[in-house]
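# Return atomic coordinates for the entry below.
(chains A and B)
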There are 2 protein chains.
Amino acid sequence: MTTKTPAKNVLWIMCDQLRYDYLGCTGHPVLKTPNIDAMAKRGVLFSKAYVQSPICGPSRMSFYTGRYMRSHGSHWNGWPLRIGEPTLGDHLKKIGVRNVLVGKTHMAPDLEGLKNLGIPPDSIIGVHVSECGFEPYERDDGLHPTGRPRPAYDNYLRQHGYDAPNPWEHWANSGAAEDGSLQNGWLLVHADKAARVPDEHSETPYMTRRAMEFITDAEDDGRPWCLHLSYIKPHWPYIAPEPYASMYGPEDVQPVIRSQEERANAHPVFAAYMDMRYSRNMSRNEAREKVIPTYMGLIKQIDDQMGVLMRFLEARGLLDTTMIVFTSDHGDYLGDHWMGEKDLFHEQSARIPLIVIDPSSAADSTRGTVSDALVEAIDLAPTFIDYFGSNPPDHILEGRSLLPLLHGKRPADWRKVVFSEYDYAMQDVRVMLGQPIERCRLFMVFDGRWKFIHASGFRPMLYDLESDPQELTDRGADPACADVVARLQSELFDWALHPRMHITTPNAKIAAYAAQQLQVKNGVLIGIWDEAELGAIREKIGIIRS
Amino acid sequence: MTTKTPAKNVLWIMCDQLRYDYLGCTGHPVLKTPNIDAMAKRGVLFSKAYVQSPICGPSRMSFYTGRYMRSHGSHWNGWPLRIGEPTLGDHLKKIGVRNVLVGKTHMAPDLEGLKNLGIPPDSIIGVHVSECGFEPYERDDGLHPTGRPRPAYDNYLRQHGYDAPNPWEHWANSGAAEDGSLQNGWLLVHADKAARVPDEHSETPYMTRRAMEFITDAEDDGRPWCLHLSYIKPHWPYIAPEPYASMYGPEDVQPVIRSQEERANAHPVFAAYMDMRYSRNMSRNEAREKVIPTYMGLIKQIDDQMGVLMRFLEARGLLDTTMIVFTSDHGDYLGDHWMGEKDLFHEQSARIPLIVIDPSSAADSTRGTVSDALVEAIDLAPTFIDYFGSNPPDHILEGRSLLPLLHGKRPADWRKVVFSEYDYAMQDVRVMLGQPIERCRLFMVFDGRWKFIHASGFRPMLYDLESDPQELTDRGADPACADVVARLQSELFDWALHPRMHITTPNAKIAAYAAQQLQVKNGVLIGIWDEAELGAIREKIGIIRS
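The predicted model follows:
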């Protein structure tokens, strides 16, 4: 009798716009998330995990490629990821693992690149490339204004009696007034209204069920998989179904984190962002009191769905073989720092919750611990490849596998700083500041204490999270901090000079070339004086030639 | 009666390993190049033109993509240019211009990338991609040791009676001793021997004839063309046919440019290069006395072929419509600075001759002039696109069109510094210095006076070409130069932070997004408070919706 080693899988759960401090296990004083907290108890909670760009598209392209934004080149939502940019899906394909999507990626296909290479977008390879290396079991980017291609979820709603030209907007993302009338869910003033569908038909449970359907189907298929379950919530439209819509109220809203000094002495880029419509609106107390309880409700709904999902996995015996990751693509200012949305690098925006459960016994010693290692979003791709037993291609991937940390062995050379980037060329901020398109760049370097932000064309920003954990004092122009600025600038300089761009040539090949004297072996003889020298070289490297 | 505007063409001639100062028009005291000098009289000679990497492959990939090495990622000979990296050929294809190759490119196809995308390498698109965007009328990389794929030139030699298992090596690139016996042409000791073929059957005249055959064929075809005539010489093997082999002797060799101080206080990277076999050998006077006369003879042969080619173009009436460029992919130390080959950034290595003839009347005012504008190899691709009347895509190309300079209008914002890069990961220097593969990087910043070299992991190098035009004194560690170092380091920092990587998204699209408020027009409403605010926004940007 032989026992077959059960296949390893990865279940990679991502929320959208979920900031670090809105979970029970990360310290929220009111919001309870027992299911997510239980996941943290089974794995490692990383308390210093940062995204590579605090906005959906670029952040996700970094997650999906394992590469910094400056390397993958997709700086903004809807900027296509260039054809030929290697994705996690490409790496997993080579080792026989399916890379499957349920939910959002924000990937835009490089249609011109496909056309130039003669690849039909609807061919198998065309779809693989256009879907960022995912097999789209269910692709749904979660924002479906009228006039755009429709999601399968529209049909689901119709089948359950929620008909409309745009069911996603009309039912699931509009609010119901007390008289039952429809209220535009895009508008902050309606964030306190309940969605016009019940919980079970709203997006989060729908996507959870789709994930479970895939997992069920995959049992017949038999191949190992990496399933990316990618929820749109708690991203706006800030509309939750009951009972979540009524679960929290203005009394649950935490004190806003901001100071008058921030406005008074603001860096020009920060000042421009504070002046954006969404920042001005989210800075109003009445907006916070409508939006934040709903934001909390949407997270509570996700937590309940985590319970559903974990029980499902347990019942199927998958918990012992499946690496489970719970994370987010960036945060949400929610009015802190006089800001709405994300855009800059305060903890509310660039820091994400990250829980990783490695079911193997090697990870037993770290279960339930919190790691303060500096972690980047690009670390997940190499972690997954490593978990499946393959070597992450280190000439392509710019992140590092987290497996050693999960196994309680922090490498001595673990990174000392994390990087994040932003390109505001597409935003009104560019026009306000009069910056050229190619110079709308922001770069964060954070060493665990000091957060340094390089803004092309402006002075830097700097925050000391030790003495100023709320990041209320920008010390970028403080002469007392010149040494810190110089040190972190130097880290940024070094990082900028060493992107991993030679993606066609692996390091092993490079190492062999000099070691094995392949140039001479190939017959290319450079600067050799005479036959005697040539003979000696050949003898030394073991070539006998006439 | 209508007159048809004759099609514009570009003839882009490149030598290999031809350094700046080995032409009559660039000041060589002995070597006369009347045909090339005549070209300079008809166009502009750029006296400060630099390659993006002083080695064939990476330099050429920068020429052919119009992008810095850090952007195209092909850091070394034989490192494939990644699939999807846009080439000059891609840009010209869109405007109906053929991009044609006769000679060398040093392109290696990205076979794995092709495979991943399901593109057969021998399909039309596969060939276009594999040949770096060129239509390979005749591809010949010029180095053909036994055991590698054979060039068409082998068959040509055989047809003319020069048979051998490797005719390229046996006849064209081996030397004949006085007794007629074959001498290995790869070895420096035989550089004073004549090739075993006459002038007419050697590589340079052969390639010239192939170019003329293409031009003749192209007349029937009718489409405009950009022809890259890319000679292998004066690159080693240093073997010239008669009469060029005997044209110059040891008495014509110019004094070596080097000092004892260079060796005594050498920067560690420079010291390692001086210790390479080819540097030690080329530093010997007897090597210089054998190699340099042959190097001069090979250039003289090219000059004579330029005469042949220009007379051919004149006879066909093509001089009035054809932009002609004469340049090189990098230089050759020839023993100067105790160095052989190229590798570092001294003028002997990184500076190239560049002559551009624009036949249009707009360029009449600059004919025969010398421009000291700082020019980079990546400027040629946008120059050609501009010459053909199209806008160079400035989100992809990192160089600038030279047309304004050719028309006597130097833009006020012309670049203040040029950049060049080098990656020594494939060389023995890496092993000697114990550097990690990803950190074998050198970066040159030159402002026309100061040449600054950043060496990852080491102190910088610095030369003042005003007080020290021969670059004999490295002032990288001189405290008196700290300000210069800081200034050029800051230029490098800024350059490193702003690569053009968003190749899928043109700047015009980016500009339109904020200007036309496309986000709101697309129905994505972010952070709007209520219906009144939404209505006001829609009215302002001209959307009327129910």
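# next structured bit after the helix or strand hosting residue A:324?
According to DSSP states H and E, residue A:324 maps onto strand A:322-328. Counting by DSSP H and E, the element after strand A:322-328 in chain order, helix or strand, is helix A:347-350.
# after that following helix comes which helix or strand?
strand A:351-357.
# Show me what the very next helix or strand once past that following strand is packed up against.
Once the chain leaves strand A:351-357, the next helix or strand it forms, by DSSP H and E, is strand A:369-371. Applying 3 or more Cβ pairs under 8 Å, 6 or more residues apart in numbering or on different chains; DSSP states H and E, we find strand A:369-371 packed against strand A:44-50. C-beta: built from backbone N, CA, C; applies to glycine.
# Now do the strand it packs on: distance to the chain's middle.
On the basis of Cα atoms, centre = their mean, to the nearest Å, strand A:44-50 is displaced by 13 Å from the centre of the chain it belongs to.
# Stretch A:78-85 now?
Mean-position distance between stretch A:78-85 and its chain equals 16 Å (Cα atoms, centre = their mean).
# Any part of that stretch near chain B?
Yes: Stretch A:78-85 is in contact with chain B by Cβ under 8 Å from any Cβ of the partner chain, via A:79, A:80, A:81, A:82, A:83, A:84, A:85.
# Could you work out the end-to-end span of that stretch for me?
The straight-line separation of the ends of stretch A:78-85 (Cα to Cα, to the nearest Å) is 16 Å.
# can you check stretch A:314-333 too?
With Cα to Cα applied, stretch A:314-333 spans 36 Å between its terminal residues.
# The stretch 251-400 of chain A against chain B: which residues are in contact?
By Cβ under 8 Å from any Cβ, the residues of the stretch 251-400 of chain A that approach chain B are A:276, A:277, A:278, A:279, A:281, A:282, A:284, A:287, A:340, A:341.
# Compute the number of surrounding residues for the fifth one.
Meaning residue A:281. Neighbour count for residue A:281, taken as other Cβ atoms under 10 Å in any protein chain shown: 23.
# before we move on, what about the fourth one?
Around residue A:279 sit 20 other residues, with neighbours defined as other Cβ under 10 Å.
# and the residue of the stretch 351-500 of chain A found nearest chain B, what does it touch?
Using Cβ to the nearest Cβ, residue A:496 is the residue of the stretch 351-500 of chain A that sits closest to chain B, at 3.6 Å. Contacts for residue A:496 (Cβ atoms under 8 Å, 6 or more residues apart in numbering or on different chains) come out as A:70, A:443, B:493, B:496, B:497.
# quick one: which of the residues you listed is nearest residue B:430?
Nearest to residue B:430, judged by Cβ to Cβ, of those is residue B:496 at 21.2 Å.
# just checking, that closest one is part of a strand?
No: counting by DSSP: H, G, I helix; E, B strand; the rest coil, residue B:496 is not part of a strand but helix.
# Nearest to the middle of chain A, which residue? Look it up for me.
Nearest to the mean C-alpha position of chain A, counting by Cα atoms, centre = their mean, stands residue A:329 at 3.5 Å.
# Nearest residue to that one in space, please, no chain neighbours.
Leaving out its chain neighbours, the residue that sits closest to residue A:329 by Cβ to Cβ, 6 or more residues apart in numbering or on different chains is residue A:59, at 4.6 Å.
# Break down the stretch 151-300 of chain A into its strands, ranges please.
Using DSSP state E, counting those that start in this stretch, the strands of the stretch 151-300 of chain A run over A:175-176, A:182-183, A:194-195, A:225-230.
# Tell me what angle the last one forms with strand A:322-328.
Meaning strand A:225-230. 20 degrees (axes from the mean of the first three to the mean of the last three Cα atoms, to 10 degrees).
# Other residues contacting strand A:225-230?
Identification of contacts with strand A:225-230 by Cβ under 8 Å, 6+ apart yields A:9-14, A:16, A:88, A:92, A:97-105, A:134, A:207-208, A:211, A:214-215, A:218, A:309, A:384, A:388.
# residues from the stretch 101-250 of chain A in reach of chain B?
Counting by Cβ under 8 Å from any Cβ, the stretch 101-250 of chain A comes close to chain B at A:110, A:112-113, A:116-119, A:123, A:125, A:129, A:143, A:145-148, A:184, A:186-189, A:236.
# now those: which count as buried?
Among those, those classed as buried by 16 or more other Cβ atoms under 10 Å in any protein chain shown are A:110, A:112-113, A:116-117, A:119, A:125, A:129, A:143, A:184, A:186-189, A:236.
# burial count for residue A:518?
15.
# Spell out which helix or strand contains the closest residue to it other than its chain neighbours, please.
Nearest residue to residue A:518, sequence neighbours excluded (Cβ to Cβ, 6+ apart): residue A:512, at 6.7 Å. In this assignment (DSSP H and E), residue A:512 forms part of helix A:507-515.
# So what's the gap between that helix and the chain middle?
In terms of Cα atoms, centre = their mean, the centre of helix A:507-515 is found 33 Å from the chain centre.
# Next, the buried residues of the helix or strand following it.
Following helix A:507-515 in sequence order, the next helix or strand is helix A:518-521 (DSSP H and E). Residues of helix A:518-521 classed as buried: A:519, A:520 (neighbour count, 16+ other Cβ under 10 Å).
# if I pick the residue in the stretch 251-400 of chain A that chain B sits nearest to, what's in contact with it?
With Cβ to the nearest Cβ, the shortest gap between the stretch 251-400 of chain A and chain B falls at residue A:278, namely 2.4 Å. By Cβ under 8 Å, 6+ apart, the contact set of residue A:278 is A:340, A:341, B:526, B:527, B:528.
# May I ask you to confirm that the second one is in contact with residue A:427?
No: if you go by Cβ atoms under 8 Å, residue A:341 and residue A:427 don't touch, sitting 10.1 Å apart.
# Check the contact lists of the two and give me the overlap.
Contact criterion Cβ under 8 Å, 6+ apart; residues shared by residue A:341 and residue A:427: residue A:276.
# coming back round to it: looking at the contacts of strand A:225-230, which are in strands?
Assigned to strands by DSSP state E, the following of the contacts of strand A:225-230 qualify: A:9, A:10, A:11, A:12, A:13, A:14, A:98, A:99, A:100, A:101, A:102, A:103.
# Looking at those, which is nearest residue A:436?
Closest to residue A:436, out of all of the ones in strands among the contacts of strand A:225-230 and judged by Cβ to Cβ, is residue A:14, at 33.8 Å.
# List the contacts of the closest one.
Residues counted as contacts of residue A:14 (Cβ under 8 Å, 6+ apart) are A:63, A:103, A:104, A:228, A:229, A:230, A:231, A:327, A:328, A:329.
# where does chain A have low pLDDT?
Scanning chain A for pLDDT under 70 picks out A:1-6, A:544-546.
# State which helix of it is the longest.
The single longest helix within chain A, with elements called by DSSP state H, is helix A:285-315.
# In the stretch 101-250 of chain A, what residue comes closest to chain B?
Relative to chain B, the nearest point of the stretch 101-250 of chain A is residue A:145 (2.8 Å; Cβ to the nearest Cβ).
# In this structure that residue contacts residue B:524, no?
Yes: if you go by Cβ under 8 Å, residue A:145 and residue B:524 touch, sitting 6.0 Å apart.
# hmm, which of the residues of the stretch 251-400 of chain A next to chain B are the buried ones?
A:276, A:277, A:278, A:279, A:281, A:282, A:287, A:340, A:341.
# Over to stretch A:79-95 now: how far is its first residue from its last?
Using Cα to Cα, the end-to-end distance of stretch A:79-95 comes out at 29 Å.
# try stretch A:384-396
OK, stretch A:384-396 end separation, Cα to Cα: 15 Å.
# give the contact list for residue A:474.
Applying Cβ under 8 Å, 6+ apart, the residues contacting residue A:474 are A:262, A:265, A:266, A:267, A:270, A:461, A:462, A:463.
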